[in-house]
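Participant: Below: sequence and its predicted model.
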Amino acid sequence: MDPSTVLEGTRLGIAQLESHTTRISYRQLDTVIRNALRLAGDPAIALHSGARMHVTAYGMYGYALLSSATHAEARNFAARYIRVVGPFCDFGLSYSGERVVGTFQPMHWPNPTESVHRFAVEFALAAHLTTIRDRSGPSFGFSRVLLDYAPPPSTAAYQSLFQCPVLFNQLHCGYEYARNDGPRTLADPRTHAMAREMCEEILGEVNRAGGVAADIRRLLIEQPGRYPSIEAIAEQLDIYPRALRRRLEAEGTSYRDLLAEVRMRLAIEYLRKTRMTNEEIASRLGYSDAANFRHAFLRWTGRNPSEFRSDEGL
């Protein structure tokens, strides 16, 4: 379809996408995802798109992965510098015996009942599979895939692409595969050192460009239930309240929107991963009573907390 149709509402043009200096916000990315979901007749569009993301599409990040001395070094680099590539999902790495465990958390789409959340996870999963195969060989595969949502219309495409057990309605999203820490055939220490240095510089720029909204999210998450006023936040950040409001407006958000986002993300986590009552969650999130929390959760997700837990099988 015409790219301008998919870019509608982003204020981006094709020429900008072809320039390596163009910076794209997550708000613009959100618009593109929603346009794609609305326009595409293929329920597996995110899987097919992610599968096209070969390691060389990631610039210096990709070359650093290819030139890593060992598979273990490549994995650790991938997790540490993931934000260099503007990912759909944050990525965590851990080990369980001889298994590698990768976990995903969509950057700005925490609600597992939303199609945009599923899109972000599907794209990330398929992209990771493709890039690891580029590094390790075409025979590589996941041993299982875990997803925090119900089986979608594209379930058959999951089996075709991953060819391993795919578990839905789990507590987190991610994948597992057999651990291999051995040397890599394309290892090149000079290339890797150069690429790592450039990625370190880019990561610093990304962190600095996260904006004041990222600082506020961090402060709110660190103090659940004790949500200060915007004036108190401004004092912590050493910014005048009026200037803080202007900066948030420039970043396309507001303190009210950030507070709702953090509350929704935490509420979903509490409902999915704990046995806390609605009253306990309401108190933890700073609501005066459970009724106010239920109304807010219904506004965010279209379901009340009890329905959410029931639909999730919790």
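Facilitator: Great, that's in hand. Numbers count the residues shown, from 1 in each chain.
Participant: can you pull out the helices in the stretch 1-150 of the chain?
Facilitator: Along the stretch 1-150 of the chain, counting by DSSP state H, counting those that start in this stretch, helices occupy 3-6, 14-17, 26-39, 45-50, 60-66, 71-80, 115-136.
Participant: Output those as CSV; include the columns distance to residue 107.
Facilitator: Where you see a C-beta, it was placed from the backbone N, CA and C, and this is true even at glycine. Shown next, in CSV, are the helices of the stretch 1-150 of the chain (distance: least, Cβ to Cβ, whole Å):
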stretch, distance to residue 107
helix 3-6, 20
helix 14-17, 20
helix 26-39, 6
helix 45-50, 15
helix 60-66, 16
helix 71-80, 15
helix 115-136, 7
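Participant: Just tell me which of those ends up closest to residue 256.
Facilitator: The closest of the helices of the stretch 1-150 of the chain to residue 256 is helix 26-39. By Cβ to Cβ, the value is 16.0 Å.
Participant: From the contact counts, what lies against the closest one?
Facilitator: Helix 26-39 is packed against helix 3-6, helix 115-136, with contacts defined by 3 or more Cβ pairs under 8 Å, 6 or more residues apart in numbering; DSSP states H and E.
Participant: If we go by neighbour counts, what in that helix is buried?
Facilitator: The neighbour-count check on helix 26-39 (16 or more other Cβ atoms under 10 Å) flags 28-33, 35-37 as buried.
Participant: hang on, residue 153 packs against residue 42?
Facilitator: No: assessed by Cβ atoms under 8 Å, residue 153 is found out of contact with residue 42, at 9.8 Å.
Participant: The two: which has the busier surroundings?
Facilitator: Each of residue 153 and residue 42 has its neighbours counted (other Cβ atoms under 10 Å); residue 42 has more, 13 against 10.
Participant: could you list every residue that touches the more buried one?
Facilitator: Residue 42 is in contact with residue 48, counting by Cβ atoms under 8 Å, 6 or more residues apart in numbering.
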